[in-house]
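>>> Predicted coordinates and the sequence they were generated for:
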Amino acid sequence: MHLQANLTNIELAEKVSLSTSAYFQRVKALKEAGYFRGSHAAVVLEQLCEDVFYF
């Protein structure tokens, strides 16, 4: 499986041959049906701020 997490929603809609509005409707329906557990971003805190303390 090839993951491309950096694609925009518009690019994803094009890849699945949908208009952006149809794409958003389908994603919304999938989220409401519980197909997505969540999403996250891996943030490089050292690049974000020099004086950040985290656990």
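On my side now, so go ahead.

>>> use CA for all of it now, contacts and neighbours both
OK.

>>> need the longest helix for this structure.
In terms of residue count, the longest helix belonging to the chain (DSSP state H) is helix 20-32.

>>> Extract the C-alpha set from the helix or strand just after that helix and format it as CSV.
Going down the chain from helix 20-32, the next helix or strand is helix 45-48, by DSSP states H and E. Only the C-alpha atoms of helix 45-48 are listed here, as CSV (Å, rounded to 0.1, in the frame of the first residue of the first chain):
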residue,chain,number,x,y,z
LEU,A,45,8.2,20.5,17.9
GLU,A,46,11.9,21.6,17.6
GLN,A,47,11.1,23.3,14.4
LEU,A,48,7.9,24.8,15.7
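
>>> buried set for helix 45-48?
Judged by neighbour count (16 or more other C-alpha atoms under 10 Å), helix 45-48 contains no buried residues.

>>> and what of stretch 15-24?
So stretch 15-24, judged by 16+ other C-alpha under 10 Å, has buried residues residue 23.

>>> what's the span of that stretch from first residue to last?
13 Å (C-alpha to C-alpha, to the nearest Å).

>>> For that stretch, give the mean pLDDT please.
Averaged across stretch 15-24, pLDDT comes to 94.

>>> neighbouring contacts of that stretch?
The contact list for stretch 15-24 (C-alpha atoms under 8 Å, 6 or more residues apart in numbering) reads 9, 10, 13, 14.

>>> what's the spacing between residue 19 and residue 27?
On the measure of C-alpha to C-alpha, residue 19 and residue 27 end up 12 Å apart.

>>> repeat for residue 15
Relative to residue 27, and taking C-alpha to C-alpha, residue 15 is found at 14 Å.

>>> one step back: which one of the contacts of stretch 15-24 sits closest to residue 41?
Here the nearest of the contacts of stretch 15-24 to residue 41, counting by C-alpha to C-alpha, is residue 9; it sits at 15.8 Å.

>>> what's the neighbour count on the closest one?
13 (other C-alpha atoms under 10 Å).

>>> can you tell me which residues contact it?
residue 20.

>>> Mind doing that once more with 10 Å?
15, 20, 23, 24, 27 (C-alpha atoms under 10 Å, 6 or more residues apart in numbering).

>>> cool, and residue 29?
23, 35.
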